[in-house]
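Asks: have a look; sequence and predicted model below, questions after that.
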Amino acid sequence: MLRPLHILAGIALSATLSSANADPSKSDIDAEIQRAIETFNVPGMAVAVVHDGAVTYAGGLGAREVGADMQVDADTLFQIGSVSKAFTSAALAILADEGKLDWDDRVIDHLPEFRMYDAWVTREFTIRDLLTHRSGLPLGAGDLLLFPEADTSREEIVHAMRYLKPATSFRSKFAYDNLLYVVAGVVVERVSGQPFEDFVEQRLLSPLGMKDCKASLERVGPRASRATPHMLVDGELQVTSSGITETSSPAGGINCSARSMAHWMQFMLDRGVTSEGQQLISEKQFDELLNPVTLMSVPPYLGEHAGTFLNAYALGWNVSTFYGQPEYSHGGGVLGMTTFLMLLPDQDLGIFASGNQMSVAPRAVVNDIADEFLADVAPEAGQDWIATLNEIISGRRAKGAEAVAEAEASRATESTPSLPLEAYAGTFRDDWYGEIHISLEDDGRLWFRSERSEPLHGPLEHFQYDTFIVRWTDRKLHADAYVSFTLTPEGEPDRIRMRAVSPTTDFSFDFHDLDLQRVQ
């Protein structure tokens, strides 16, 4: 669930930032945050803005948790999801400056046990390839090893890479992944001789004055001011776990406040120089971090509304344009929390926003604030991004619901399973994921249970023929899936294939990549 921000949600209201040709005031930004909170049903949000070398806004509005008297402010910690990827790349840049590695080093020279599915790809795979989403693997491949709350070590992830089958040829196409950033974190550990979290906190966060930030949720103290993730279930906000563990830290585990993220943005705008004047990352390595590597398609809504004509991925950063201005950005999402960060270097401007509900509110707020700063250089700026993104997500959700309804309407309602239910019970194993268990319970239903991920547990509901739908008991997952059994010539179930029921299911639920074969 550690991704750039693709999800959009909400109910549109009409308003935009008020000032026309000046930097937005604190009251302008407060009003924008409040409008996003109300529109997207987000309990609370934190925002930071840096401009011309100064922090012009750092604050928050709303609740850290619904039903609790705890308010979001500039020091509230949020899980920033895949915005963490830039920190992993920066950690590697520090090691490159020390001469301990090079971006084009082969991964096997630092991790001899590393293997991809193809032997040639294994031999040619570089550290740069770990960071640029061009491995040839399908979108989100293997994310079930990380999410939700998967019991997986980083060593197991390195081992599992050899079983993940490519979807395209090596270096030919962009497909976002998380596992290879975890492998990059193992490279940091192996080369530095320190745990990844220690290295990031001691060599990066601390020198930048970001001492309240932690490299994983597990390191956040019990008394810290931190936001709680929330999901909408049947229109009601419910508290949830973010679904990730410390294993995920290099891909999306950092926890940070708006005030500290202002330090990070200023560091990036100052090209690797800290507030104390230390060149923490050299100019040479800094250029590597932001040098485009993998081309991506331009999201249609950005092409239409912001004139975006370039979209590429560097080392932990999206490289694009926003109303013709160079833009470096990244989104992040964990279950129940989303983040977006934008840098516009020509304006010496950085904007960060995070919210504790699964919505596009951070992207909408950042875009609206950026529009205001660009009023003089980009007259076409001035979108109501909250309304625009709300309209887009409403359409996507409607199409998703329509697809689910069409599948339900077309199913063979008179069909029955080929075998008695008890015949489907057993243990099934996928080479990279591990084992799942199908059991016939006392309630007369088949139940699915993942050995690796406790939340992936629920009853099977017959759909048609030998296909069932697993309805996860944790309804906050929004990820019910088809479970289709194939039979041997002798009529015994020997394999399971899975697929999410709704096309809007988050891609980190990569059920479709599983090939579960019966072992018991």
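Replies: That came in fine, so what should we check first?

Asks: now stretch 155-168: mean pLDDT?
Replies: What stretch 155-168 shows for mean pLDDT is 98.

Asks: same check, this time on stretch 306-325
Replies: 97.

Asks: which parts of it are buried?
Replies: Residues of stretch 306-325 classed as buried: 306-308, 311-325 (neighbour count, 16 or more other C-beta atoms under 10 Å). Using the backbone N, CA and C atoms, a C-beta is placed for each residue, glycine as well.

Asks: between its first and last residues, how far does it reach?
Replies: Start-to-end span of stretch 306-325 (C-alpha to C-alpha, to the nearest Å) is 10 Å.

Asks: over to stretch 511-520?
Replies: End-to-end distance of stretch 511-520 (C-alpha to C-alpha): 21 Å.

Asks: name the residues of that stretch that come out as buried.
Replies: Neighbour-count burial for stretch 511-520, counted by 16+ other C-beta under 10 Å, picks out F511, D513, L514, D515, L516, R518.

Asks: who touches it?
Replies: Here stretch 511-520 makes contact (C-beta atoms under 8 Å, 6 or more residues apart in numbering) with 138, 141-142, 144, 164-165, 426-431, 433, 435-436, 481, 492-500.

Asks: repeat that with 6 Å
Replies: The contact list for stretch 511-520 (C-beta atoms under 6 Å, 6 or more residues apart in numbering) reads 141, 426-430, 433, 481, 494-496, 498-500.

Asks: where do the helices sit along this structure?
Replies: 26-40, 85-97, 107-110, 119-124, 127-130, 154-160, 179-192, 196-200, 249-252, 258-269, 283-290, 300-306, 361-373, 385-410 (DSSP state H).

Asks: closest to S275 out of the ones you listed?
Replies: Closest of the helices of the chain to S275 is helix 258-269, at 6.8 Å (criterion: C-beta to C-beta).

Asks: now the closest one: average pLDDT?
Replies: The model assigns helix 258-269 a mean pLDDT of 98.

Asks: okay, now the unreliable bits of the chain?
Replies: Applying pLDDT under 70 to the chain flags the ranges 1-22.

Asks: list the contacts for E283?
Replies: Contacts of E283 (C-beta under 6 Å, 6+ apart): none.

Asks: any idea how far it lies from Y433?
Replies: 43 Å (C-beta to C-beta, to the nearest Å).

Asks: ditto for F468
Replies: Using C-beta to C-beta, we find F468 at a distance of 19 Å from Y433.

Asks: and M261, by the same measure?
Replies: Remark: distance between M261 and Y433 (C-beta to C-beta) = 34 Å.

Asks: compare those two (neighbour count), which wins?
Replies: Each of M261 and Y433 has its neighbours counted (other C-beta atoms under 10 Å); M261 has more, 29 against 25.

Asks: picking that back up, now the contacts of stretch 511-520 as a markdown table including distance to N178?
Replies: Formatted as a markdown table, the contacts of stretch 511-520 follow (distance: C-beta to C-beta, whole Å):
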| residue | distance to N178 |
| --- | --- |
| A141 | 9 |
| G426 | 30 |
| T427 | 27 |
| F428 | 24 |
| R429 | 22 |
| D430 | 18 |
| Y433 | 15 |
| A481 | 19 |
| D494 | 31 |
| R495 | 27 |
| I496 | 24 |
| M498 | 19 |
| R499 | 20 |
| A500 | 17 |
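
Asks: quick check: the farthest pair among the residues you listed?
Replies: A141 and G426 (26.0 Å).

Asks: quick one, which of the two is more surrounded?
Replies: Ranked by neighbour count (other C-beta under 10 Å), A141 and G426 place A141 first, with 25 against 18.

Asks: next, give phi and psi for the closest residue in space to that one that isn't next to it in sequence.
Replies: Leaving out its chain neighbours, the residue that sits closest to A141 by C-beta to C-beta, 6 or more residues apart in numbering is L164, at 5.0 Å. Note on L164: backbone dihedrals following degrees, to the nearest 10 are phi -80, psi 120.

Asks: neighbours around L164, how many?
Replies: Neighbours of L164 under the rule other C-beta under 10 Å: 23.

Asks: so who does it touch?
Replies: Counted by C-beta under 6 Å, 6+ apart, L164 has contacts L137, A141, G142, W432.

Asks: endpoints of stretch 126-146, how far apart?
Replies: By C-alpha to C-alpha, the extent of stretch 126-146 from end to end equals 23 Å.

Asks: now do stretch 143-158
Replies: By C-alpha to C-alpha, the extent of stretch 143-158 from end to end equals 13 Å.

Asks: same question for stretch 228-238.
Replies: End-to-end distance for stretch 228-238: 10 Å, by C-alpha to C-alpha.

Asks: now S169. Nearest residue, chain neighbours left out?
Replies: Leaving aside its sequence neighbours, S169 sits nearest to G136 (C-beta to C-beta, 6+ apart; 5.8 Å).

Asks: touching, C213 and R259? I think so.
Replies: No. Counting by C-beta atoms under 6 Å, C213 sits too far from R259 to count as a contact (9.8 Å).

Asks: what about the two, which has more around it?
Replies: More crowded of C213 and R259, by other C-beta under 10 Å: C213, with 26 against 21.

Asks: one step back: roughly how far apart are the residue nearest to A141 and D143?
Replies: For L164 relative to D143 (C-beta to C-beta), the value is 11 Å.

Asks: ok, residues contacting stretch 463-480?
Replies: With contact meaning C-beta under 6 Å, 6+ apart, stretch 463-480 is reached by 231, 233, 238, 240, 411-412, 415, 417-418, 448, 455, 457-462, 481-485, 501, 505, 509.

Asks: pull out the buried members of the residues you listed.
Replies: For the contacts of stretch 463-480, a burial check counting by 16+ other C-beta under 10 Å picks out 231, 240, 417, 448, 455, 457-460, 462, 481-485, 501, 505, 509.

Asks: re earlier: between all of the contacts of L164, which two are separated the most?
Replies: That would be L137 and W432, which, of the contacts of L164, are the farthest apart (C-beta to C-beta) at 11.0 Å.

Asks: these two: which has the busier surroundings?
Replies: More crowded of L137 and W432, by other C-beta under 10 Å: L137, with 25 against 22.
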